[in-house]
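Novice: When you get a sec, could you give me coordinates for this:
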Amino acid sequence: MSSAHNKSAAVAATLADIDAGRTPDAATLRDAVRALLSDLAKRAPGRSVEVRVPPYGAVQCVPGPRHTRGTPPNVVEMDPVTWVLLATGRMGWDEAVTQGRIRASGTRADISDYIPM
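Specialist: Numbering: from 1, shown residues only. Down below sits the predicted model:
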């Protein structure tokens with residue numbers, strides 16, 4: 001089975017668990033988060049925003065000034081389930097912000113133009 005297929009399967013399995021009201025398996029959720037972060041980095045190449053989904057991953061993305069040292073000025077952080085829901089269009093950016101499910105700082109931290117994917 002190809003790596004891309006495994007990643008798609010991880011996203012599908014995670015969404016199925018969420019839809020059924022189950023807690024996604026940690027390894028499957030990790031793979032889904034990493035696959036979707038990778039997709040974001042490809043869709044919005046750059047290094048001006050850091051998107052963090054602890055404990056599973058982080059990427060730098062979005063065109064603009066490059067950050068190289070210390071804490072990035074533009075950071076978006078959320079839990080893994082929120083990231084999967086946002087990236088797949090199951091939850092909107094404004095809804096997640098209003099519910100306090102996203103912590104975003106910096107003038108470029110709104111990545112809503114790049115999601116869902």
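
Novice: Would you check how far apart L36 and G57 are?
Specialist: Going from L36 to G57 by C-beta to C-beta, to the nearest Å gives 9 Å. The C-beta positions use only the backbone N, C-alpha and C, and glycine is treated the same way.

Novice: For the two, work out which one has more neighbours and name it.
Specialist: L36 (27 against 17; other C-beta atoms under 10 Å).

Novice: any idea how far A9 lies from A96?
Specialist: In this view, A9 and A96 are 25 Å apart by C-beta to C-beta.

Novice: Tell me which of these two has more neighbours.
Specialist: A96 (19 against 15).

Novice: you'd agree that one is in a helix?
Specialist: Yes. Using DSSP: H, G, I helix; E, B strand; the rest coil, the secondary structure at A96 is a helix.

Novice: For it, give me its contacts.
Specialist: Counting by C-beta atoms under 8 Å, 6 or more residues apart in numbering, A96 makes contact with 78, 82, 85-86, 102.

Novice: Many thanks, we can stop here.
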